[in-house]
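In: below is the structure, and that's it, no one-letter string:
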């Protein structure tokens, strides 16, 4: 059974697309999972939404009643785990590696970085999207270079490095093999938001995913290799992401 046969999004006219929580409308998505045994609820920091998963025989009405019963908990969690949105607007200071970039509106047609300033076209309809596009391109450039350097160091083939905006992962590694069973080159994906994390955090995620090219599990051998690639313990970076990860998802958010 593949993923698509297990997960089915529920789209019906009687299912609202948002919930009123703590005075704000929070986007809502309902998904049915053939393997689920009970209704479960979670907050998604990336989309700043509530996601409810239903078992096969549960109704949407039951799911909404469950969410209503958890409204107090949801309000507390949103206040604690979702930092205030940090939109990309002129004058914003955006985390960037170990420092910050000041977003400035100018008459320039293309984005241009000068030291700790990022100059962007002043058009209010395009300013935020251009800031986001520049940051994603920088994430792709930096993460690609760092990943390929570490993969070459341990002699592991690498087919592709890409960036996206996953809801719950900072990185992932898919190992591929050719028709003879030999490694055919792994594919590693990252959250572009890592470019806004401190350097040691980004480098920890890169070392982690590259180590998976050689060791697919989280055994002692894996951690020995991941630690060797980083040259330090991964614990500080993991602790930083656990505490500050929601701040990265708040960057560029408007609600």
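Out: In hand now; what should we look at? Note that the structure is predicted; figures quoted are calculated from it, not measured.

In: quick one: low-confidence parts of the stretch 51-200 of the chain?
Out: Under the criterion pLDDT under 70, the flagged ranges of the stretch 51-200 of the chain are 177-184.

In: do you have the helices of the stretch 151-255 of the chain handy? List them.
Out: With helices called from DSSP state H, counting those that start in this stretch, the stretch 151-255 of the chain shows them at 199-214, 220-230, 235-250.

In: before we move on, what about the stretch 1-150 of the chain?
Out: So, for the stretch 1-150 of the chain - with DSSP H, counting those that start in this stretch - the helices run 3-6, 60-69, 71-81, 127-153.

In: quick one: closest of those to residue 34.
Out: helix 3-6 (4.7 Å; Cβ to Cβ). All C-beta atoms are positioned from the backbone trio N, CA, C, and that covers glycine.

In: so what's residue 212 up against?
Out: Residue 212 makes contacts with 173, 175, 186, 222, as judged by Cβ atoms under 8 Å, 6 or more residues apart in numbering.

In: and for residue 120?
Out: With Cβ under 8 Å, 6+ apart, residue 120 has these contacts: 103-106, 108, 111, 127, 130-131, 134.

In: of the contacts of residue 212, which pair is most distant in space?
Out: 186 and 222 (14.1 Å).

In: between these two, which is the more surrounded one?
Out: Just comparing residue 186 and residue 222: by other Cβ atoms under 10 Å the higher neighbour count belongs to residue 186, 24 against 16.

In: so how far is residue 157 from the more buried one?
Out: The span separating residue 186 from residue 157 equals 7 Å under the rule Cβ to Cβ, to the nearest Å.

In: shared neighbours of the two, which are they?
Out: What both residue 186 and residue 157 touch, as defined by Cβ under 8 Å, 6+ apart, is the set 151, 213.

In: quick one: the helices of the stretch 1-150 of the chain as TSV, columns for distance to residue 45 and mean neighbour count too.
Out: Below are the helices of the stretch 1-150 of the chain laid out as TSV (distance: least, Cβ to Cβ, whole Å; neighbours: other Cβ atoms under 10 Å):
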stretch	distance to residue 45	mean neighbour count
helix 3-6	22	8
helix 60-69	18	15
helix 71-81	7	13
helix 127-153	17	17
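
In: nearest to residue 99, out of the ones you listed?
Out: helix 127-153 (13.1 Å).

In: helices or strands up against that closest one?
Out: For helix 127-153, the packing partners by 3 or more Cβ pairs under 8 Å, 6 or more residues apart in numbering; DSSP states H and E come out as strand 93-96, strand 99-106, strand 117-121, strand 158-164, strand 186-191, helix 199-214.

In: same thing but 6 Å
Out: Judged by 3 or more Cβ pairs under 6 Å, 6 or more residues apart in numbering; DSSP states H and E, the packing partners of helix 127-153 are strand 117-121, strand 158-164, helix 199-214.

In: for the last one, the distance to its chain's centre please.
Out: To tie it back to what came earlier, the one meant is helix 199-214. How far helix 199-214 lies from its chain's middle: 15 Å, per Cα atoms, centre = their mean, to the nearest Å.

In: that one vs helix 235-250, what angle?
Out: Helix 199-214 and helix 235-250 are oriented at 110 degrees to each other (axes from the mean of the first three to the mean of the last three Cα atoms, to 10 degrees).

In: now do the buried residues in helix 199-214.
Out: 201-214 (16 or more other Cβ atoms under 10 Å).

In: pLDDT for these - can I get that in a markdown table?
Out: Listed next are the buried residues of helix 199-214 as a markdown table, based on pLDDT from 0 to 100:
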| residue | pLDDT |
| --- | --- |
| 201 | 98 |
| 202 | 98 |
| 203 | 98 |
| 204 | 98 |
| 205 | 98 |
| 206 | 98 |
| 207 | 98 |
| 208 | 98 |
| 209 | 97 |
| 210 | 97 |
| 211 | 97 |
| 212 | 96 |
| 213 | 96 |
| 214 | 95 |
